[in-house]
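>>> here's my sequence, what's the structure:
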Amino acid sequence: MKRRPHIWEWTVISIALVFFFFPLLAMTRFALQRVPMALLGRDTLFSRWTIDGVVDIINNDKFVSSLWLSTRLGVLTALVLIALMLPTVLWLHLRVPQWRMLIETLSLLPYVVPPIALVVGVSGAFRESFPWIVTSNYGLVPLYVVLCLPFAFRTLDAGVGALDLRTLVDASSSLGATTLTTLRKVLVPNLWGALASTSFLGFAVVLGEFAISSLLLKPTLPMYMVEAQGQEPQGAMALGLLMMMFTTGLFFGIGRLQKRSTTRLALTEDK
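Here you go, the predicted structure:
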């Protein structure tokens, strides 16, 4: 029998919906209505709705270049995250499971160190030996990878922990498969949901990250949005609303992928 939600659960859900809905409604009205803020109210609810502001923002050449740069950085960040974290988490579960708590604690350090301290430390340490980290736009990728480590580790750790990893690896080895073959044909297909979730989360972080790119003066999409705020505030707000909808769609996609992966894994175990 399905358990019916208690009244307090519906109360919490309703409060959360109201808490998020009204700011989004106000954001939408400010972004898409050519009405002074002092006149925004019930009487002007259906007055002068337009998308001219966001069209002007999108048609700007800087928008295209900044979006393309953030997209490249997001894809590279996701690839580097997977390349670094997947072997690490697999090695941790197979070889040194007693170190798991230590690694999990260390992965929280990016939340402890503020972005400005990270940028100043990296710039001072590598300006002479690796100047491209400071001068090149792609120097943001290592910093974004560090920023994404906490949730990347937990997502992959949860995915690997849901598998009977030792049995899969031993069975593959007994059939003559190499380590690379086991990783490519056995482990990666079973970890597809966790890998996709890690990639999407890393991509979403890059699209919305402002502090590091502003400190290094890189023309990313968040930097363009802040610059456009002074020229076309309503269009910039509309662009922020579109970005929020896009990242929300990414998170919904992550949930669907995780659900499908869990269902497929359960069916495989039943068989």
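>>> for the rest of this, base every contact and every neighbour count on C-alpha atoms.
Noted.
>>> point out where the stretch 151-271 of the chain drops to low pLDDT.
Applying pLDDT under 70 to the stretch 151-271 of the chain flags residues 257-271.
>>> what's opposite Q33 in the beta bridge?
For Q33, the beta-bridge partners under DSSP bridges are W49.
>>> list the contacts for it?
With contact taken as Cα atoms under 8 Å, 6 or more residues apart in numbering, Q33 is in contact with 47-50.
>>> out of these, the closest to P222 would be?
Taking Cα to Cα as the measure, P222 lies nearest T50 of the contacts of Q33, at 23.2 Å.
>>> excluding residues flanking it in the chain, which one is nearest that closest one?
L32 (5.4 Å; Cα to Cα, 6 or more residues apart in numbering).
>>> can you count the residues close to the one you found?
For L32, the neighbour count with other Cα atoms under 10 Å is 19.
>>> which residues touch it?
Counting by Cα under 8 Å, 6+ apart, L32 makes contact with 49-51, 53, 234-235, 238.
>>> state the distance from it to G235.
According to Cα to Cα, to the nearest Å, L32 and G235 sit 8 Å apart.
>>> how about the contacts of Q33 in JSON lines, adding distance to G230 and neighbour count?
Below are the contacts of Q33 laid out as JSON lines (distance: Cα to Cα, whole Å; neighbours: other Cα atoms under 10 Å):
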{"residue": "S47", "distance to G230": "24", "neighbour count": "12"}
{"residue": "R48", "distance to G230": "22", "neighbour count": "11"}
{"residue": "W49", "distance to G230": "21", "neighbour count": "15"}
{"residue": "T50", "distance to G230": "19", "neighbour count": "12"}
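>>> what touches both of L32 and G235?
Common neighbours of L32 and G235 are listed as G53 (criterion: Cα under 8 Å, 6+ apart).
>>> before we move on, the earlier item: let's have the contacts of L32 in JSON lines, adding distance to L109 and secondary structure.
JSON lines is the format used below for the contacts of L32 (distance: Cα to Cα, whole Å; DSSP: H, G, I helix; E, B strand; the rest coil):
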{"residue": "W49", "distance to L109": "45", "secondary structure": "strand"}
{"residue": "T50", "distance to L109": "45", "secondary structure": "coil"}
{"residue": "I51", "distance to L109": "42", "secondary structure": "coil"}
{"residue": "G53", "distance to L109": "40", "secondary structure": "helix"}
{"residue": "Q234", "distance to L109": "37", "secondary structure": "helix"}
{"residue": "G235", "distance to L109": "36", "secondary structure": "helix"}
{"residue": "A238", "distance to L109": "34", "secondary structure": "helix"}
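>>> now the residues you listed: which count as buried?
Listed as buried from those are 53, 234-235, 238; burial here means 16 or more other Cα atoms under 10 Å.
>>> and which of those is nearest to A194?
Distance to A194, by Cα to Cα, is smallest for A238 among the buried ones among the contacts of L32, at 31.7 Å.
>>> tell me how far the helix or strand hosting M27 lies from the chain's centre.
Assigned by DSSP states H and E, M27 falls within helix 7-32. Taking Cα atoms, centre = their mean, to the nearest Å, one finds helix 7-32 lying 23 Å from the centre of the chain it belongs to.
>>> tell me which residues in that helix are buried?
In terms of neighbour count (16+ other Cα under 10 Å), helix 7-32 has its buried residues at 27-32.
>>> now do stretch 166-173
For stretch 166-173, burial by neighbour count (16+ other Cα under 10 Å) applies to 169, 172.
>>> could you pull up the mean pLDDT of the helix holding M27?
Mean pLDDT, helix 7-32: 81.
>>> again, but for stretch 73-92
The pLDDT scores in stretch 73-92 average 93.
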